[in-house]
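In: Quick one, what's the 3D model for this:
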Amino acid sequence: MQRRDTHNGVGAEGDWVQVGAVGAPHGVRGDMRLKSFTENPASLFKYTDLRLGADGAPVSLSKKGKSKDGFIVHIDGVDTPEAVSALTGRELFVHRDALAPAEEDEYYLADLIGLEARDESGDKIGVVDAVENFGSEDLIELILDEPVKGLGRYAFIPFRKKLVTAVDIKGGYLTVAFTLWQETQVGKQAESQMDQGDNT
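Out: As a prediction, the model looks like this:
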């Protein structure tokens, strides 16, 4: 089974899937920066029923240009930088029905939310709470059944084949190389402690 990257690093709320996010104001006429989470960023503009928030108010976008990490757009009725600032950080959603259906051996990243997470032995370790992307790569956020010493109840697993070794949407689970992930975290903690020691 292969993931379908039409929506990278998205979240989902019920039947609503995140496809973009409002950024900072641009200029003085109510234009704003917009980050697209679609594989082809411009595909965001093909949706005819974009909502501000899951099942929120419909918005109409006009593309004004490109920015370093997305687009410059205008939302109808938002005409001042102050109005844009009030929307900065808000997420744009489309209904799941608006997405092209995934093929039999494909899935959307949003399909991972709610799946049971299992370790290499097949034992349940938690559940997928979200799929995040903070700028470098997709991360699977797990809520763990049992906290990991020094790491807590939440785990952010990079969505790499060696760490997320299997995804079974129909079976309702994914498999995580959990021991390997923990080893990488211990290494990071040791590096952080060494850096702090160097600064004292």
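
In: Tell me which residues of the strand or helix carrying Gln18 come out buried.
Out: Following DSSP states H and E, one finds Gln18 within strand 16-26. Buried residues in strand 16-26, defined by neighbour count with 16 or more other Cβ atoms under 10 Å: Trp16, Val17, Gln18, Val19, Gly20, Ala21, Val22, Gly23, Pro25, His26. No exception for glycine: its C-beta is placed from N, CA and C like everyone else's.

In: Could you list the low-confidence segments of this structure?
Out: 1-12, 14, 102-105, 134-136, 187-200 (pLDDT under 70).

In: quick one, domains of it?
Out: The chain is divided into the following domains under automatic domain parsing: 2-97, 113-198.

In: Kindly indicate which of the buried residues of strand 16-26 lies nearest Leu92.
Out: Taking Cβ to Cβ as the measure, Gly20 is the one of the buried residues of strand 16-26 closest to Leu92, at 4.0 Å.

In: Tell me the bridge partners for the closest one.
Out: Per DSSP bridges, residues listed as beta-bridge partners of Gly20: Ser36, Leu92.

In: show me the contacts for it.
Out: Gly20 makes contact with Leu34, Lys35, Ser36, Phe37, Thr38, Leu44, Leu50, Gly70, Glu91, Leu92, according to Cβ atoms under 8 Å, 6 or more residues apart in numbering.

In: Closest one to Trp181 out of those residues, please.
Out: Checking the contacts of Gly20 one by one against Trp181 (Cβ to Cβ), the nearest turns out to be Phe37, at 24.4 Å.
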